[in-house]
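Undergrad: From the sequence below, what's the structure:
(one chain, ligands or ions: 2)
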Amino acid sequence: MEPFYLRIALPTPLRGLFDYLPPQRVDPKALMPGIRIKVPFQSRTLIGILVEITTSTTVPDEKMKQVLEVIDEQPVLEADIDQLCQWAANYYHHSLGEVYAAAMPALLRKGKPADSKMDLLKTNEQQEKLPTLNDAQQCAVDMITKAKDHFQTFLLDGVTGSGKTEVYLRVIDEILKLDKQALVLVPEISLTPQTIARFRSRFSVPVLALHSNMTELARLKVWLAAKKGDAKIVIGTRSAIFTPFANLGLIIVDEEHDPSFKQQDRFRYHARDLAVMRASLNHIPIVLGSATPSLESILNVKRERYHYLSLPMRAGNAVLPQYQMIDLRYAKTEEGISDVLLKTMRENLDAGNQVMLFLNRRGFAPVLYCADCTWIAGCARCEARMVYHSKPSGLRCHHCDSRKKMPSCCEQCGADNLQPVGLGTQRLEQMLQTHFPSVPIIRVDRDSTQRKDALQTLLDQIHASPKAILLGTQMLAKGHHFPQVTLVGMVEADSGLFSADFRAAEQMGQLLLQVAGRAGRAEKPGTVLIQTRHPDHPLLKTLIEEGYQRFSEVLLTEREQALLPPFSYAAMFRAEAHAEKSASEFLTGVKKMCSAWLTDAVTVFGPVPALLAKRKGLHCQQLFVQSSHRGTLQGFLKRLLAEMDKEKGKQTVKWVLDVDPVA
Ligand SMILES: [Zn+2]
Ligand SMILES: [Zn+2]
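TA: Ligands and ions are numbered 1, 2, ... in the order given. This next block holds a predicted model:
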């Protein structure tokens, strides 16, 4: 009898599939691709996915091992998810086994059975009264609904308060009438109980959340409920893109520009891009919504790949905020806050309103420095400064989370003259307490929201205090609605203007408008004060005077001239090693390897140190590969990786490939 081999995708970084002998007394022909199989691998036991059954193998007899256990009878991954995973593994040049693992709930990865008793799904009987749609909203709903039977990508461009969510809700309602399901992807930070509550109060069907703070069992249950068709609406973060659905009819990606849709370790996918691919595989419409769309999506509209839908602000409704710049070079300041900002804060507070200050830097001060010898407290493991935190007091590295007691004197000269320099949210909070002793000051950043439910408690406090100062990092800027806020102060707008990262300006603009969008909702018009040392910077001026659309046009022109994404396609090799030399030598080797078949269509540059050149004791170097054609880049990478795989036994550094890297 001919021997059969099981070809299995295993969760290991090694690209390629692995052949094993089927267990005895099991008819290999009865096994279905897509089932989980437990196998011995090196000195470990791994659970992989059966890809195919074959009669030929390159593994020599003496090395051939037998599988340990066949876990499933039926495939755990649906055909469309399997297709999506295969596409992703190919596009991101990542191990298929690791992609499959990322697509499964943790309990399935660990071999637990793919079924679970489901609690009775809670539904809501009371449907809230529907608001009347304006013309632009109605038009958007009609256009998207019309595409219900085929793949089409819509970019829904609507400023804060223009009623994007209402459009989502109406379209989902139409999809539910067809007995189909909807998937809503949201950024990590905006998946709050309010978001879920808004959907639940609207629909009388089960609405389930899926995110990384849930228990493994809860996640598995949602996954299974969606697969069975019981969960009609799933709202989730990045990895929810792999949720199986019995009958998916619509995908919505809210805040599509948000950087948190990009996975930044191991399997480095972009959930928005996978969502578009999934909609295409499922022949369904997808809506990408944002008040500040990504340049990628705007270009796709220009190239007529995406259909553009715009929601302008409705006249007579909330008024757009007024912007005003404060020139920090000439302003009188105290702890980085200008007297103009302080005075305007007082006026707004005296009128019984809330004020919000945005500062994207947590801790007390970003630098602790010796005034005698200019020594600066640095992290021993990273090429980064330690941030001084006041409560609890000490030094912390924001890259590796190393912590140190506050030194009593300089580590270099021994002088007792250490000074915190620069402004963090804790220092700002302390300074504001002296100026506004009777006003509640509510600080929202990663430190103040450590404990479970802490964020919710702070948000409740904000809603319960008509007069208050809200102070925080981007946690405060995203997804939350504060109708009482009439003044927003951007303490510092400059960090995005002069960054080495070419996406920094785009992100600065998006964040600034997002923060500004918190002011002047409902009947209260708002003011946004922006503190800057560069009030004449052309990008900042364009953004404030002409709006995001013009701002994005300017950025797109710059990117086109510099041949940067989205006008070109990039991939980045990142190598890490204890010795800087090993990392750069490895990448120089990679560069040499491709020089033989390098053409004009592909550029390779580097190796160069990463923006954070040393992290957690490892030196990090980067090599960029770029081409103006996606297909050319893909072909090039495929060939290069095949060459590199031949050498993999000799590699001593840790490396990854990041396709379409973000920062
Ligand atoms: Zn010193
Ligand atoms: Zn560190």
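
Undergrad: Going by C-alpha atoms from here, please, whenever you check contacts or count neighbours.
TA: OK.

Undergrad: Please enumerate the helices of the stretch 51-200 of the chain.
TA: Counting by DSSP state H, counting those that start in this stretch, the stretch 51-200 of the chain has helices at residues 79-91, 96-103, 106-109, 135-146, 164-177, 193-202.

Undergrad: Can you tell me which of those is nearest to Asp660?
TA: With distances scored as Cα to Cα, the stretch of these nearest to Asp660 is helix 79-91 (10.1 Å).

Undergrad: hang on, the earlier thing: quick one, which of the helices of the stretch 51-200 of the chain is nearest to Ile441?
TA: Using Cα to Cα, the nearest of those to Ile441 is helix 193-202, at 22.2 Å.

Undergrad: which residues sit against stretch 173-193?
TA: 145, 148, 172, 203, 211, 229, 231-238, 240-241, 245-255, 258, 260-261, 475, 478-480 (Cα atoms under 8 Å, 6 or more residues apart in numbering).

Undergrad: re earlier: want to throw the helices of the stretch 51-200 of the chain into CSV with mean neighbour count, distance to Leu50 and mean pLDDT?
TA: As requested, the helices of the stretch 51-200 of the chain are arranged in CSV below (neighbours: other Cα atoms under 10 Å; distance: least, Cα to Cα, whole Å; pLDDT from 0 to 100):
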stretch, mean neighbour count, distance to Leu50, mean pLDDT
helix 79-91, 18, 11, 97
helix 96-103, 24, 10, 97
helix 106-109, 17, 13, 95
helix 135-146, 18, 38, 96
helix 164-177, 19, 34, 95
helix 193-202, 16, 37, 87
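
Undergrad: Let's have the ones you listed in a markdown table, adding distance to Tyr548.
TA: Below are the helices of the stretch 51-200 of the chain laid out as a markdown table (distance: least, Cα to Cα, whole Å):
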| stretch | distance to Tyr548 |
| --- | --- |
| helix 79-91 | 31 |
| helix 96-103 | 35 |
| helix 106-109 | 40 |
| helix 135-146 | 19 |
| helix 164-177 | 17 |
| helix 193-202 | 25 |
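
Undergrad: Of all the ones you listed, which one comes closest to ligand 2?
TA: helix 96-103 (27.6 Å; Cα to the ion).

Undergrad: ok and that closest one relative to helix 79-91, angle-wise?
TA: 130 degrees (axes from the mean of the first three to the mean of the last three Cα atoms, to 10 degrees).

Undergrad: pLDDT weak spots in the stretch 501-650 of the chain?
TA: Scanning the stretch 501-650 of the chain for pLDDT under 70 picks out 520-524, 649-650.

Undergrad: Go again with 90.
TA: 501-502, 504, 508, 511-526, 544-545, 547, 580, 593-601, 611-612, 642-650 (pLDDT under 90).

Undergrad: all helices of it, in order?
TA: Using DSSP H, counting those that start in this stretch, helices in the stretch 501-650 of the chain cover 504-516, 538-546, 548-561, 580-595, 630-646.

Undergrad: So what touches the second one?
TA: Helix 538-546 is contacted from outside by Tyr323, Leu497, Ala505, Gly509, Pro535, Arg550, Phe551, Val554, using Cα under 8 Å, 6+ apart.

Undergrad: in the helix or strand harbouring the first one, what's buried?
TA: Same thing as Tyr323. Assessed by DSSP states H and E, Tyr323 sits inside strand 322-327. For strand 322-327, a neighbour-count test (16 or more other Cα atoms under 10 Å) marks Met325, Ile326, Asp327 as buried.

Undergrad: Give me the neighbour count for Glu2.
TA: Using other Cα atoms under 10 Å, Glu2 has 6 neighbouring residues.

Undergrad: Could you check how far the residue in the stretch 51-200 of the chain positioned nearest to ligand 1 is from Thr292?
TA: For the stretch 51-200 of the chain, the residue closest to ligand 1 is Ile189, as judged by Cα to the ion, at 40.2 Å. Distance, Ile189 to Thr292, using Cα to Cα, to the nearest Å: 17 Å.

Undergrad: Can you pick out the residue with more neighbours from these two?
TA: Thr292 (26 against 16).
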